[in-house]
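Asks: quick one, what's the 3D model for this:
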Amino acid sequence: MNSPDRRTFLAGTAATAVALGTPAVQARGANEKLNVGLIGCGNRGRSISTECVKAGHNIVATADVAKFRLDWIAEQFDKAGQKSKPTAYDDYRKLLEHKGLDAVIIATPDHHHKDCLLAAMAADKHAYCEKPLSHTIEQGKEMVAAVRKAKKIVQVGNQRHSGEHWARCREVIQSPDFGQLVWVKVWDCRNWVKKDPFAPPKDFGPEQIKGINWDGFLGSAKKCPFDATRYWSWRWFWDYAGGLMTDIGAHQLDIVQWLGGIEMPKSVTANGGTYHFKHWETPDVIHGVWDYGKFAATFAVEFINGYDGVGATFYGTKQTLDCQAETGGLLRLYETIDKPSPLLPAKVIGKVVNETPLHVQNWLAAVKDNKDPSSPIELGHKVITAAHLANIAYRTGKKVVWDETKEQIVGG
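Replies: I've put the predicted structure just below:
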């Protein structure tokens, strides 16, 4: 998402991810530059790719279905200090044939992630796949299998796994001093009533539309006439994404599962609706409740009223850990399970910082060192599966029961 203060809060955790496969590539020299391609040239693609440039690597090729985005991204690399202009392609499959290409960044709408990643694996390229990893649970399974078969380095954009502050929180929560974790509450509330950053811009007109390959944008989604709202606000249409639950849940459920020490829920329920933004198909207010066996988790997200801001609270039987964007992202530990009085001091154990640069650096280092990155494919799949289950619960109106061993829904 584009709000700077919230993106700072939504940044990630340091990862001590266990390597789940041994990529069959040679480790690179510490000073060797990588040739990277960018698939999807929007704001998020720019953020990730320009970090590669700042780290001394080359963006040698770009691909997008819209010409105006290809023109715009070339300017961004020039501003970031890259001297050479990348080759622009109107089809990501052509980009994957670019001579000397080592790796790709996939920053497309969600419904393209699977096809782009599978094609990158078939082309023997490393990849950074932006969150949410998949459009469906079944797609995620295919993506995990393809990455491990190809034995390539793939980083999923759950950037909370590349900072030290949440790792510190995990140590606190898992310690005897914290007691038993019984509840995690995470939330993200924003005011988009005043301005929707994903609405079609005022200067978006016939010239830009003429340069968009609409069939290419739709991909495997059902065919429909060009719609500017669908093009810019694709996150809020079921054909292309999973709405707030997957887009924001990819961050919030990540810390729930990682800090809580449990990878998958046992069951999920969800409620909400589309109450204000009537052009959205996905809900603009949604609340999910997950049972993780040893603790419960609740996630509330809406973009209509920003009063509550963004935050996370972990409730133990001996201590309470709290972090909110409105407190500057300070991670505050309270030696109490009662409501703290204004006079009760909190122990500050860290501060949330923007992890996107760290997450990109972690991926680049992983490619060079032939190691799994901090957010490997399995982690991204498990986090977004929990979000997909909540969307299934919302859309069916039923409690959804998950069997982690079978990796399938067994009730609801």
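Asks: state which helix of the protein is the longest.
Replies: helix 377-396 (DSSP state H).
Asks: by contact count, what packs against that helix?
Replies: helix 137-150, strand 154-156, helix 243-247, helix 249-260, strand 267-273, strand 285-291, strand 400-403 (3 or more CB pairs under 8 Å, 6 or more residues apart in numbering; DSSP states H and E). Quick note: C-beta positions are derived from backbone N, CA and C, even for glycine.
Asks: send the alpha carbons of that helix over as CSV?
Replies: Extracted as CSV, the C-alpha positions of helix 377-396 are listed here (Å, rounded to 0.1, in the frame of the first residue of the first chain):
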residue,chain,number,x,y,z
ILE,A,377,8.2,-19.6,-0.8
GLU,A,378,6.8,-21.9,1.8
LEU,A,379,6.4,-19.0,4.3
GLY,A,380,4.7,-16.8,1.8
HIS,A,381,2.3,-19.6,0.9
LYS,A,382,1.4,-20.4,4.6
VAL,A,383,0.8,-16.8,5.5
ILE,A,384,-1.5,-16.1,2.5
THR,A,385,-3.3,-19.4,2.9
ALA,A,386,-4.6,-18.1,6.3
ALA,A,387,-5.9,-15.0,4.5
HIS,A,388,-7.5,-17.0,1.7
LEU,A,389,-9.3,-19.1,4.3
ALA,A,390,-10.7,-16.0,5.8
ASN,A,391,-12.0,-14.8,2.4
ILE,A,392,-13.6,-18.2,1.9
ALA,A,393,-15.3,-17.9,5.3
TYR,A,394,-16.5,-14.5,4.4
ARG,A,395,-17.9,-15.4,1.0
THR,A,396,-19.5,-18.7,2.2
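Asks: enumerate the positions of it that are buried.
Replies: By neighbour count, with 16 or more other CB atoms under 10 Å as the criterion, the buried positions of helix 377-396 are 377-394.
Asks: which stretches in the stretch 101-250 of the chain count as helices?
Replies: For the stretch 101-250 of the chain, applying DSSP state H, counting those that start in this stretch gives helices covering 113-122, 137-150, 164-173, 206-210, 214-218, 228-232, 243-247, 249-260.
Asks: same question for the longest one, mean pLDDT?
Replies: The predicted model assigns helix 137-150 a mean pLDDT of 98.
Asks: hmm, who's touching it?
Replies: 20-21, 113-114, 117-118, 121-122, 124, 129, 133-134, 154, 377-378, 380-381, 384-385, 388-389, 407 (CB atoms under 8 Å, 6 or more residues apart in numbering).
Asks: ok, now the fifth one?
Replies: Counting by CB under 8 Å, 6+ apart, the neighbours of helix 214-218 from elsewhere in the structure are 65, 66, 90, 91, 109, 223, 224, 226, 231.
Asks: pLDDT, distance to residue 51 and neighbour count added to those residues, as TSV?
Replies: Output for these, formatted as TSV (pLDDT from 0 to 100; distance: CB to CB, whole Å; neighbours: other CB atoms under 10 Å):
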residue	pLDDT	distance to residue 51	neighbour count
65	98	23	24
66	98	22	20
90	97	25	15
91	98	25	14
109	98	21	23
223	98	36	7
224	98	35	11
226	98	32	12
231	98	26	20
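Asks: tell me the domain boundaries of this structure?
Replies: 13-161+357-374, 164-195+243-354+386-411 (automatic domain parsing).
Asks: can you tell me which of those is nearest to residue 208?
Replies: Nearest of those to residue 208, taken as CB to CB: domain 13-161+357-374 at 4.6 Å.
Asks: the closest residue to residue 273 other than its chain neighbours in helix, strand or coil?
Replies: Distances taken as CB to CB, 6 or more residues apart in numbering put residue 283 closest to residue 273, at 5.4 Å, once the chain neighbours are dropped. Judged by DSSP: H, G, I helix; E, B strand; the rest coil, the three-state class of residue 283 is coil.
Asks: contact partners for residue 283?
Replies: 243, 244, 245, 272, 273, 274, 394 are the contacts of residue 283 under CB under 8 Å, 6+ apart.
Asks: which residue comes closest to the last one once chain neighbours are left out?
Replies: Counting by CB to CB, 6+ apart, the nearest residue to residue 394 once its immediate chain neighbours are dropped is residue 270, at 4.0 Å.
Asks: just the closest of the contacts of helix 214-218 to residue 399, please.
Replies: Set against residue 399, the nearest of these by CB to CB is residue 109 (29.8 Å).
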